[in-house]
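1. Sequence first, then the predicted structure:
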Amino acid sequence: MKIILFSDADETARTVSLSLSSRWPDCTTISAPPGSSALRLVLSESPDLVILDLGAVDGRGLDLLKEVRGSSEVPVLIMSDTSDEAVRIRGLELGADDCIGKPFSTAELLARVRSVQRRVTPVAREGERQEAQRVEGDHISIDLAAGRVYVDGREREFSATEWKLLSYLARNPGKVISNRALTANVWGLSFVENSTIKMCVRRVRLKLGDDTQSPRIIRSYRGRGYCFELPGESGPHRAAS
């Protein structure tokens, strides 16, 4: 496994490198030089994971994240001070796959890395039906295994957070998913503003061609959450959003 670490905090860099090598002896951790181009380094090294310390790269953390996400889908784990919740949320909205607050323990760091690995390299569970990996309906085709979405035969691009939201809902069709469940399973946090979830849902609806005023695919259930409903199937009793 090859990991690129963007952090000019020596102590953080040492902690991350030692933690990873102790768990995965064959892991190579590349510390990005100060001022380096994130995208150029990612493209030249083809890492399995990028770890980005938002607070320790001369204030360029979010810019580096946008640079990477502009042309690469490499998994990104961001880290920041636990008090900077707004920064962490912004990082997730820009496409980070997970986040970890500083200071952190070795156990939490390794758990976050494993979690990201599992999400970006999904393996079908034993006994899981193959057809469950694809959702088809009307003009939409969602390939959950490949992470691709087609609307009217044309592929649509989704940010990492948008895809996690859509795939989580699509894997639970007909079930009303609460904001609390979305917060934990999509954002990986204990709290996210309802407005943040609502905006993300709206962006996904627009990309699916769903009517944002009277949605048919991702429906709102007042006080309960959101539900992905396959065309032609009846869902739970719906309250107006």
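-> Looks like it came in fine. What you see is a predicted model; the values in this text were computed from it and never measured.

2. Over to the closest residue to Pro215 other than its chain neighbours. Which of the three states is it?
-> With sequence-adjacent residues excluded and distances taken as Cβ to Cβ, 6 or more residues apart in numbering, Pro215 is closest to Arg205, at 5.6 Å. Where you see a C-beta, it was placed from the backbone N, CA and C, and this is true even at glycine. Following DSSP: H, G, I helix; E, B strand; the rest coil, we place Arg205 in the helix state.

3. next helix or strand past the helix or strand bottoming out on mean pLDDT in the chain?
-> Ranked by mean pLDDT, DSSP states H and E, the weakest helix or strand in the chain is helix 38-45, scoring a mean of 81. For helix 38-45, the following helix or strand on the C-terminal side (DSSP states H and E) is strand 49-53.

4. Listing partners with orientation, what would you give for that following strand?
-> strand 2-6 (parallel), strand 76-81 (parallel) (DSSP bridges).

5. average pLDDT for the shortest one?
-> Right, strand 2-6. Throughout strand 2-6, pLDDT has a mean value of 92.

6. residues touching Gly55, list them.
-> By Cβ atoms under 8 Å, 6 or more residues apart in numbering, the contact list for Gly55 reads 61, 79-81, 84, 87, 102.

7. ok, 10 Å please
-> 7, 9, 12, 61, 78-81, 84, 87, 102 (Cβ atoms under 10 Å, 6 or more residues apart in numbering).

8. Most neighbours out of the residues you listed, which is it?
-> Met79 (29 neighbours; other Cβ atoms under 10 Å).

9. That residue touches Ile100, doesn't it?
-> Yes: applying Cβ atoms under 10 Å as the test, Met79 and Ile100 come out as touching, 4.8 Å apart.

10. Find the residues that touch each one of the two.
-> In contact with both Met79 and Ile100: 51, 53, 88, 109, 112, using Cβ under 10 Å, 6+ apart.

11. what angle do the one helix or strand the last one maps to and strand 49-53 make?
-> Remark: Arg112 resides in helix 106-120, with elements defined by DSSP H and E. Between helix 106-120 and strand 49-53, the angle comes out at 130 degrees (axes from the mean of the first three to the mean of the last three Cα atoms, to 10 degrees).

12. what does helix 106-120 rub up against?
-> Against helix 106-120 from outside (Cβ under 10 Å, 6+ apart): 1, 3, 15-16, 18-20, 22-24, 27, 48-49, 51, 73-77, 79, 96-101, 104-105, 147, 160, 164, 167, 185, 188.
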